[in-house]
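Peer 1: With the input below, show me the fold.
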Amino acid sequence: MKTISQLFSELKPDKWRSEVGFSAEIEAANAKMFSSSINKEEASTLLSEWLQKHQPCLFGRIAARLGALSYCIVTENDFQRSDEDIKAMIQAERQEWTRQAFEGIKSGFVILLISEQIARATPNKTMQDFAQQLCSLYLETDITADQVHLDEIFLEKPGQRRTTWKWYAGVNYFCAQGDKRWWQDHRIPGGMAFSVNSVGHMVKSEIIARKMKELEQELHAPGEGLIDTKVDSLSKALEVAMRTISLAANTPWGKATELLPLPADSRHLPPCPVTLPAALAGKDFTKYRGHYHTDHTLPSDYFLPNAGRSSDKSFALDFTYLFYSHITNPDFITMGEGRQIRADADEGRGAVPLGPELTMGRRLLTEPETVEIAQNKRLLSALSELRSNTRG
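Peer 2: Numbering: from 1, shown residues only. Got it, this is the predicted structure:
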(Lines give C-alpha, C1' and ligand atoms only; values in the text may rest on other atoms or scores of the structure.)
Protein backbone atom coordinates (compact mmCIF):
# COMPACT_ATOMS: atom_id res chain seq x y z
CA MET A 1 0.00 0.00 0.00
CA LYS A 2 1.27 3.49 -0.86
CA THR A 3 1.75 6.03 1.89
CA ILE A 4 -0.76 8.75 2.78
CA SER A 5 1.56 11.37 1.27
CA GLN A 6 1.94 9.43 -1.99
CA LEU A 7 -1.79 8.81 -2.36
CA PHE A 8 -2.62 12.42 -1.54
CA SER A 9 -0.35 13.61 -4.35
CA GLU A 10 -2.20 11.36 -6.83
CA LEU A 11 -5.72 12.69 -6.18
CA LYS A 12 -7.41 14.22 -9.22
CA PRO A 13 -9.78 17.24 -9.27
CA ASP A 14 -13.46 16.42 -9.75
CA LYS A 15 -14.71 18.19 -12.89
CA TRP A 16 -18.31 17.51 -11.87
CA ARG A 17 -17.73 19.29 -8.53
CA SER A 18 -16.26 22.34 -10.28
CA GLU A 19 -19.50 22.58 -12.26
CA VAL A 20 -22.08 22.00 -9.51
CA GLY A 21 -20.26 23.35 -6.45
CA PHE A 22 -21.25 22.51 -2.88
CA SER A 23 -24.52 23.09 -1.03
CA ALA A 24 -24.66 26.36 0.91
CA GLU A 25 -24.10 24.82 4.35
CA ILE A 26 -21.10 22.80 3.20
CA GLU A 27 -19.62 25.76 1.30
CA ALA A 28 -19.93 28.04 4.34
CA ALA A 29 -18.23 25.55 6.66
CA ASN A 30 -15.56 24.77 4.06
CA ALA A 31 -14.67 28.43 3.68
CA LYS A 32 -13.90 28.66 7.38
CA MET A 33 -12.12 25.31 7.65
CA PHE A 34 -9.89 25.98 4.64
CA SER A 35 -8.68 29.28 6.12
CA SER A 36 -4.93 29.27 6.77
CA SER A 37 -5.48 30.99 10.12
CA ILE A 38 -7.76 28.34 11.67
CA ASN A 39 -6.33 26.11 14.40
CA LYS A 40 -7.40 22.57 15.27
CA GLU A 41 -9.47 23.60 18.29
CA GLU A 42 -11.43 26.09 16.19
CA ALA A 43 -11.91 23.44 13.49
CA SER A 44 -13.34 21.06 16.11
CA THR A 45 -15.79 23.75 17.23
CA LEU A 46 -16.87 24.41 13.62
CA LEU A 47 -17.39 20.70 13.00
CA SER A 48 -19.42 20.34 16.20
CA GLU A 49 -21.66 23.24 15.19
CA TRP A 50 -22.21 21.76 11.73
CA LEU A 51 -23.02 18.30 13.10
CA GLN A 52 -25.60 19.74 15.48
CA LYS A 53 -27.51 21.30 12.58
CA HIS A 54 -26.91 19.12 9.55
CA GLN A 55 -25.96 15.60 10.64
CA PRO A 56 -28.92 13.33 9.78
CA CYS A 57 -27.96 10.82 12.48
CA LEU A 58 -29.78 12.03 15.58
CA PHE A 59 -27.41 10.17 17.88
CA GLY A 60 -24.59 12.20 16.34
CA ARG A 61 -26.53 15.45 16.73
CA ILE A 62 -27.25 14.69 20.38
CA ALA A 63 -23.63 13.82 21.13
CA ALA A 64 -22.33 16.93 19.33
CA ARG A 65 -24.79 19.22 21.11
CA LEU A 66 -23.80 17.85 24.52
CA GLY A 67 -20.07 17.97 23.85
CA ALA A 68 -19.92 14.17 23.98
CA LEU A 69 -17.76 13.75 20.86
CA SER A 70 -13.98 13.67 20.83
CA TYR A 71 -12.29 15.07 17.73
CA CYS A 72 -9.00 14.30 16.03
CA ILE A 73 -8.16 16.95 13.43
CA VAL A 74 -5.64 16.10 10.70
CA THR A 75 -4.45 18.75 8.24
CA GLU A 76 -2.67 18.78 4.88
CA ASN A 77 0.55 19.65 6.71
CA ASP A 78 0.21 16.41 8.65
CA PHE A 79 -0.07 14.47 5.36
CA GLN A 80 3.56 15.35 4.61
CA ARG A 81 4.72 13.44 7.66
CA SER A 82 5.38 9.71 7.69
CA ASP A 83 2.52 7.27 8.11
CA GLU A 84 4.00 6.27 11.46
CA ASP A 85 3.85 9.89 12.62
CA ILE A 86 0.24 10.23 11.43
CA LYS A 87 -0.64 6.98 13.16
CA ALA A 88 0.97 8.13 16.42
CA MET A 89 -1.02 11.37 16.32
CA ILE A 90 -4.31 9.55 15.74
CA GLN A 91 -3.58 6.94 18.40
CA ALA A 92 -2.83 9.65 20.98
CA GLU A 93 -6.25 11.22 20.37
CA ARG A 94 -7.88 7.79 20.31
CA GLN A 95 -6.36 6.96 23.68
CA GLU A 96 -7.66 10.20 25.16
CA TRP A 97 -11.14 9.37 23.81
CA THR A 98 -10.84 5.88 25.35
CA ARG A 99 -10.13 7.43 28.73
CA GLN A 100 -13.00 9.92 28.50
CA ALA A 101 -15.47 7.27 27.30
CA PHE A 102 -14.39 5.03 30.18
CA GLU A 103 -15.39 7.85 32.54
CA GLY A 104 -18.71 8.43 30.74
CA ILE A 105 -17.70 11.91 29.54
CA LYS A 106 -17.58 11.13 25.80
CA SER A 107 -19.53 8.65 23.67
CA GLY A 108 -18.17 9.14 20.14
CA PHE A 109 -14.97 9.82 18.23
CA VAL A 110 -14.51 11.67 14.92
CA ILE A 111 -11.32 11.88 12.87
CA LEU A 112 -11.54 14.75 10.36
CA LEU A 113 -9.00 15.35 7.59
CA ILE A 114 -9.24 18.99 6.56
CA SER A 115 -8.19 19.39 2.95
CA GLU A 116 -9.69 21.37 0.09
CA GLN A 117 -7.91 19.05 -2.32
CA ILE A 118 -9.71 16.04 -0.81
CA ALA A 119 -13.06 17.84 -0.73
CA ARG A 120 -12.77 18.67 -4.44
CA ALA A 121 -11.14 15.42 -5.57
CA THR A 122 -12.78 12.79 -7.77
CA PRO A 123 -14.09 9.82 -5.76
CA ASN A 124 -12.16 6.97 -7.39
CA LYS A 125 -9.84 4.05 -6.63
CA THR A 126 -7.07 6.37 -5.47
CA MET A 127 -9.45 8.02 -3.00
CA GLN A 128 -10.56 4.60 -1.80
CA ASP A 129 -6.94 3.55 -1.27
CA PHE A 130 -6.34 6.78 0.64
CA ALA A 131 -9.36 6.16 2.89
CA GLN A 132 -8.34 2.54 3.48
CA GLN A 133 -4.80 3.52 4.42
CA LEU A 134 -5.97 6.22 6.81
CA CYS A 135 -8.49 3.90 8.44
CA SER A 136 -5.80 1.23 8.83
CA LEU A 137 -3.62 3.74 10.70
CA TYR A 138 -6.61 4.44 12.96
CA LEU A 139 -7.79 0.87 13.62
CA GLU A 140 -4.33 -0.70 13.34
CA THR A 141 -5.54 -3.45 11.03
CA ASP A 142 -5.98 -4.03 7.30
CA ILE A 143 -9.14 -2.42 5.93
CA THR A 144 -11.31 -3.88 3.16
CA ALA A 145 -14.14 -2.15 1.32
CA ASP A 146 -17.71 -3.39 1.86
CA GLN A 147 -16.86 -4.92 5.22
CA VAL A 148 -17.73 -4.12 8.84
CA HIS A 149 -14.74 -2.74 10.75
CA LEU A 150 -15.05 -1.97 14.44
CA ASP A 151 -13.51 -0.06 17.29
CA GLU A 152 -13.94 -0.67 21.02
CA ILE A 153 -15.52 1.53 23.65
CA PHE A 154 -15.55 1.06 27.43
CA LEU A 155 -17.59 2.44 30.32
CA GLU A 156 -17.05 2.13 34.07
CA LYS A 157 -19.78 2.32 36.70
CA PRO A 158 -18.68 4.39 39.70
CA GLY A 159 -18.26 2.37 42.88
CA GLN A 160 -15.91 0.06 44.67
CA ARG A 161 -16.47 -2.88 42.31
CA ARG A 162 -15.64 -0.66 39.30
CA THR A 163 -17.86 -2.68 36.96
CA THR A 164 -16.88 -2.01 33.35
CA TRP A 165 -18.67 -2.66 30.07
CA LYS A 166 -17.17 -3.01 26.65
CA TRP A 167 -18.83 -2.78 23.24
CA TYR A 168 -17.61 -3.02 19.71
CA ALA A 169 -18.71 0.06 17.78
CA GLY A 170 -19.06 0.51 14.03
CA VAL A 171 -16.74 2.86 12.14
CA ASN A 172 -18.27 4.86 9.25
CA TYR A 173 -16.83 6.99 6.46
CA PHE A 174 -17.92 10.54 5.63
CA CYS A 175 -16.63 12.91 2.94
CA ALA A 176 -17.42 16.30 1.41
CA GLN A 177 -17.56 14.44 -1.91
CA GLY A 178 -20.93 13.01 -0.87
CA ASP A 179 -22.53 16.44 -1.00
CA LYS A 180 -25.11 16.55 -3.84
CA ARG A 181 -24.43 12.88 -4.64
CA TRP A 182 -26.78 10.01 -3.88
CA TRP A 183 -24.93 9.29 -0.62
CA GLN A 184 -25.45 12.83 0.72
CA ASP A 185 -26.22 11.50 4.20
CA HIS A 186 -22.50 10.74 4.53
CA ARG A 187 -21.25 14.19 3.56
CA ILE A 188 -19.17 16.28 5.94
CA PRO A 189 -17.47 19.67 5.59
CA GLY A 190 -13.71 20.06 5.42
CA GLY A 191 -12.71 16.88 3.63
CA MET A 192 -12.82 13.28 4.85
CA ALA A 193 -13.81 11.78 8.20
CA PHE A 194 -14.23 8.55 10.13
CA SER A 195 -16.81 8.45 12.89
CA VAL A 196 -17.54 5.91 15.61
CA ASN A 197 -20.24 5.76 18.26
CA SER A 198 -22.04 3.16 20.35
CA VAL A 199 -25.74 3.39 21.17
CA GLY A 200 -25.22 0.95 24.04
CA HIS A 201 -22.53 3.13 25.59
CA MET A 202 -24.71 6.22 25.17
CA VAL A 203 -27.66 4.55 26.90
CA LYS A 204 -25.64 3.27 29.86
CA SER A 205 -23.79 6.59 30.16
CA GLU A 206 -27.15 8.36 30.38
CA ILE A 207 -28.43 6.00 33.09
CA ILE A 208 -25.27 6.51 35.15
CA ALA A 209 -25.26 10.29 34.57
CA ARG A 210 -28.90 10.65 35.64
CA LYS A 211 -28.40 8.66 38.84
CA MET A 212 -25.16 10.47 39.66
CA LYS A 213 -26.84 13.85 39.23
CA GLU A 214 -29.61 12.79 41.58
CA LEU A 215 -26.97 11.77 44.12
CA GLU A 216 -25.01 14.99 43.64
CA GLN A 217 -28.14 17.06 44.24
CA GLU A 218 -29.02 15.05 47.32
CA LEU A 219 -25.52 15.45 48.75
CA HIS A 220 -24.96 19.02 47.46
CA ALA A 221 -21.80 17.68 45.83
CA PRO A 222 -20.02 19.03 42.72
CA GLY A 223 -20.85 17.45 39.38
CA GLU A 224 -18.69 14.90 37.59
CA GLY A 225 -19.21 16.25 34.06
CA LEU A 226 -21.05 13.13 32.85
CA ILE A 227 -23.10 13.37 29.65
CA ASP A 228 -26.89 13.55 29.90
CA THR A 229 -28.37 12.49 26.56
CA LYS A 230 -31.98 11.77 27.63
CA VAL A 231 -31.67 8.49 25.68
CA ASP A 232 -31.89 6.28 28.75
CA SER A 233 -33.15 3.00 27.27
CA LEU A 234 -32.65 0.93 24.17
CA SER A 235 -36.39 1.15 23.56
CA LYS A 236 -36.14 4.93 23.40
CA ALA A 237 -33.10 4.52 21.17
CA LEU A 238 -35.32 2.61 18.71
CA GLU A 239 -37.46 5.70 18.14
CA VAL A 240 -34.32 7.83 17.68
CA ALA A 241 -32.93 5.30 15.19
CA MET A 242 -36.18 5.27 13.22
CA ARG A 243 -36.27 9.08 13.17
CA THR A 244 -32.69 9.06 11.87
CA ILE A 245 -33.65 6.84 8.94
CA SER A 246 -36.69 9.02 8.21
CA LEU A 247 -34.37 12.07 8.01
CA ALA A 248 -32.37 10.64 5.10
CA ALA A 249 -31.79 13.27 2.43
CA ASN A 250 -34.19 13.52 -0.50
CA THR A 251 -31.93 13.44 -3.54
CA PRO A 252 -32.79 13.24 -7.28
CA TRP A 253 -32.21 9.50 -6.92
CA GLY A 254 -34.44 9.09 -3.87
CA LYS A 255 -33.38 8.38 -0.30
CA ALA A 256 -30.33 6.24 0.39
CA THR A 257 -32.11 4.71 3.41
CA GLU A 258 -35.83 4.55 4.10
CA LEU A 259 -38.37 3.21 6.53
CA LEU A 260 -40.62 0.43 5.34
CA PRO A 261 -44.38 0.10 5.90
CA LEU A 262 -45.56 -2.46 8.37
CA PRO A 263 -46.48 -5.70 6.61
CA ALA A 264 -50.19 -6.28 6.12
CA ASP A 265 -49.99 -9.21 8.54
CA SER A 266 -47.69 -8.17 11.37
CA ARG A 267 -48.69 -10.88 13.82
CA HIS A 268 -45.31 -12.56 13.38
CA LEU A 269 -43.44 -9.43 14.50
CA PRO A 270 -42.35 -8.91 18.11
CA PRO A 271 -44.32 -6.21 19.93
CA CYS A 272 -43.04 -2.68 19.50
CA PRO A 273 -41.50 -1.57 22.84
CA VAL A 274 -42.57 2.08 22.53
CA THR A 275 -45.59 4.02 21.37
CA LEU A 276 -44.38 5.52 18.15
CA PRO A 277 -45.32 9.12 17.29
CA ALA A 278 -47.68 9.82 14.40
CA ALA A 279 -44.81 10.42 11.97
CA LEU A 280 -43.56 6.86 12.55
CA ALA A 281 -46.87 5.09 13.04
CA GLY A 282 -47.46 2.40 10.46
CA LYS A 283 -43.73 1.96 9.81
CA ASP A 284 -41.85 -1.30 10.26
CA PHE A 285 -39.92 -1.07 13.53
CA THR A 286 -37.96 -4.28 12.92
CA LYS A 287 -36.11 -3.42 9.71
CA TYR A 288 -35.46 -0.74 7.12
CA ARG A 289 -34.04 -0.55 3.59
CA GLY A 290 -30.66 0.85 2.59
CA HIS A 291 -29.09 1.35 -0.83
CA TYR A 292 -25.78 1.02 0.97
CA HIS A 293 -25.03 -1.18 3.97
CA THR A 294 -25.06 1.15 6.97
CA ASP A 295 -22.63 -1.09 8.89
CA HIS A 296 -19.98 -1.18 6.15
CA THR A 297 -17.09 1.14 6.94
CA LEU A 298 -16.12 1.87 3.33
CA PRO A 299 -18.92 1.18 0.83
CA SER A 300 -17.19 0.80 -2.54
CA ASP A 301 -20.05 2.67 -4.25
CA TYR A 302 -18.86 5.86 -2.51
CA PHE A 303 -15.72 5.76 -4.64
CA LEU A 304 -17.31 6.12 -8.05
CA PRO A 305 -17.36 9.48 -9.88
CA ASN A 306 -21.03 9.33 -10.87
CA ALA A 307 -23.46 11.42 -8.84
CA GLY A 308 -26.29 8.87 -8.96
CA ARG A 309 -26.39 5.29 -7.71
CA SER A 310 -24.53 2.78 -9.85
CA SER A 311 -27.16 0.07 -9.25
CA ASP A 312 -30.55 -0.60 -7.70
CA LYS A 313 -29.19 -2.99 -5.10
CA SER A 314 -30.56 -2.67 -1.58
CA PHE A 315 -30.07 -4.21 1.83
CA ALA A 316 -32.58 -5.22 4.50
CA LEU A 317 -31.14 -3.70 7.67
CA ASP A 318 -32.00 -4.42 11.27
CA PHE A 319 -33.64 -2.50 14.14
CA THR A 320 -34.35 -5.48 16.43
CA TYR A 321 -30.92 -5.44 18.08
CA LEU A 322 -32.24 -2.43 20.01
CA PHE A 323 -35.29 -4.01 21.61
CA TYR A 324 -36.08 -7.67 20.84
CA SER A 325 -35.33 -9.74 23.94
CA HIS A 326 -35.37 -13.33 22.78
CA ILE A 327 -33.09 -16.34 22.86
CA THR A 328 -32.67 -16.05 19.10
CA ASN A 329 -31.50 -12.44 19.40
CA PRO A 330 -28.43 -12.39 21.67
CA ASP A 331 -27.57 -8.89 20.46
CA PHE A 332 -30.28 -7.40 22.63
CA ILE A 333 -29.73 -9.79 25.54
CA THR A 334 -26.05 -8.97 25.87
CA MET A 335 -26.51 -5.28 25.24
CA GLY A 336 -29.70 -4.69 27.17
CA GLU A 337 -28.94 -6.86 30.17
CA GLY A 338 -25.40 -5.56 30.45
CA ARG A 339 -22.96 -8.21 31.61
CA GLN A 340 -20.48 -7.33 34.28
CA ILE A 341 -17.32 -7.29 32.25
CA ARG A 342 -14.55 -5.71 34.27
CA ALA A 343 -11.91 -7.95 35.79
CA ASP A 344 -8.50 -6.68 36.85
CA ALA A 345 -5.62 -9.14 36.72
CA ASP A 346 -6.05 -10.04 40.36
CA GLU A 347 -9.80 -10.62 40.09
CA GLY A 348 -10.26 -12.36 36.77
CA ARG A 349 -13.19 -14.59 37.66
CA GLY A 350 -15.17 -15.25 34.51
CA ALA A 351 -12.97 -13.01 32.36
CA VAL A 352 -12.36 -13.98 28.76
CA PRO A 353 -9.40 -12.79 26.69
CA LEU A 354 -9.76 -10.19 23.98
CA GLY A 355 -9.02 -10.62 20.31
CA PRO A 356 -12.08 -11.74 18.29
CA GLU A 357 -12.05 -10.97 14.58
CA LEU A 358 -13.24 -7.39 14.06
CA THR A 359 -14.92 -7.81 10.68
CA MET A 360 -18.01 -9.77 11.67
CA GLY A 361 -21.63 -8.65 11.62
CA ARG A 362 -23.88 -6.34 13.62
CA ARG A 363 -23.84 -8.67 16.62
CA LEU A 364 -20.41 -7.39 17.57
CA LEU A 365 -21.59 -3.80 17.31
CA THR A 366 -23.67 -4.20 20.43
CA GLU A 367 -22.31 -7.07 22.47
CA PRO A 368 -20.61 -6.20 25.77
CA GLU A 369 -17.79 -8.59 26.59
CA THR A 370 -15.86 -9.54 29.73
CA VAL A 371 -12.48 -7.89 29.48
CA GLU A 372 -9.35 -8.46 31.51
CA ILE A 373 -7.93 -4.95 31.79
CA ALA A 374 -4.31 -6.11 31.76
CA GLN A 375 -4.84 -7.73 28.36
CA ASN A 376 -6.06 -4.60 26.59
CA LYS A 377 -3.08 -2.34 25.94
CA ARG A 378 -5.11 0.68 24.77
CA LEU A 379 -7.41 0.70 27.80
CA LEU A 380 -4.51 -0.04 30.16
CA SER A 381 -2.58 2.90 28.74
CA ALA A 382 -5.59 5.21 29.01
CA LEU A 383 -6.18 4.17 32.63
CA SER A 384 -2.52 4.65 33.49
CA GLU A 385 -2.75 8.21 32.19
CA LEU A 386 -5.99 8.76 34.10
CA ARG A 387 -4.46 7.56 37.38
CA SER A 388 -1.35 9.64 36.80
CA ASN A 389 -3.45 12.77 36.27
CA THR A 390 -5.50 11.98 39.38
CA ARG A 391 -2.37 11.65 41.53
CA GLY A 392 -1.05 14.92 40.09
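Peer 1: The chain: strands as residue ranges?
Peer 2: Shown for the chain, the strands assigned by DSSP state E span residues 69-75, 108-114, 150-156, 164-175, 191-197, 257-261, 283-290, 315-318, 342-343, 371-372.
Peer 1: Would you mind saying which of those lies nearest residue 11?
Peer 2: Residue 11 lies closest to strand 191-197 among these, at 10.6 Å (CB to CB). To be clear about C-beta, it is placed using only N, CA and C from the backbone, and glycine gets the same treatment.
Peer 1: Relative to residue 206, how far out is residue 298?
Peer 2: 30 Å (CB to CB, to the nearest Å).
Peer 1: Equivalent analysis for residue 114, please.
Peer 2: Residue 114 is 31 Å from residue 206, by CB to CB.
Peer 1: and those two? which has more neighbours close in?
Peer 2: Ranked by neighbour count (other CB atoms under 10 Å), residue 114 and residue 206 place residue 114 first, with 26 against 23.
Peer 1: Spatially nearest residue to that one (excluding sequence neighbours)?
Peer 2: In space, and not counting its chain neighbours, residue 114 is closest to residue 190: 4.5 Å by CB to CB, 6 or more residues apart in numbering.
Peer 1: show me where pLDDT drops low in the stretch 151-300 of the chain?
Peer 2: 211-229 (pLDDT under 70).
Peer 1: which residues of this protein fall in helices?
Peer 2: Assigned by DSSP state H, the helices in the chain fall at 4-9, 15-20, 24-33, 40-54, 58-65, 76-79, 83-102, 116-119, 125-139, 199-219, 234-246, 330-337, 363-366, 377-391.
Peer 1: Go through the fourth one and flag the buried ones.
Peer 2: Of the residues in helix 40-54, those buried by neighbour count under the rule 16 or more other CB atoms under 10 Å are 43, 44, 46, 47, 48, 50, 51, 54.
Peer 1: same deal with the first one?
Peer 2: Applying a neighbour-count criterion of 16+ other CB under 10 Å, one finds 4, 7, 8 buried in helix 4-9.
Peer 1: Counting by contacts, list what that helix packs against.
Peer 2: The contact analysis (3 or more CB pairs under 8 Å, 6 or more residues apart in numbering; DSSP states H and E) places helix 4-9 against helix 76-79, helix 83-102, helix 125-139.
Peer 1: Save these as JSON lines, and put in distance to residue 194, mean pLDDT and mean neighbour count too.
Peer 2: Converted to JSON lines, the helices and strands packed on helix 4-9 look like this (distance: least, CB to CB, whole Å; pLDDT from 0 to 100; neighbours: other CB atoms under 10 Å):
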{"stretch": "helix 76-79", "distance to residue 194": "15", "mean pLDDT": "92", "mean neighbour count": "16"}
{"stretch": "helix 83-102", "distance to residue 194": "9", "mean pLDDT": "96", "mean neighbour count": "19"}
{"stretch": "helix 125-139", "distance to residue 194": "6", "mean pLDDT": "98", "mean neighbour count": "21"}
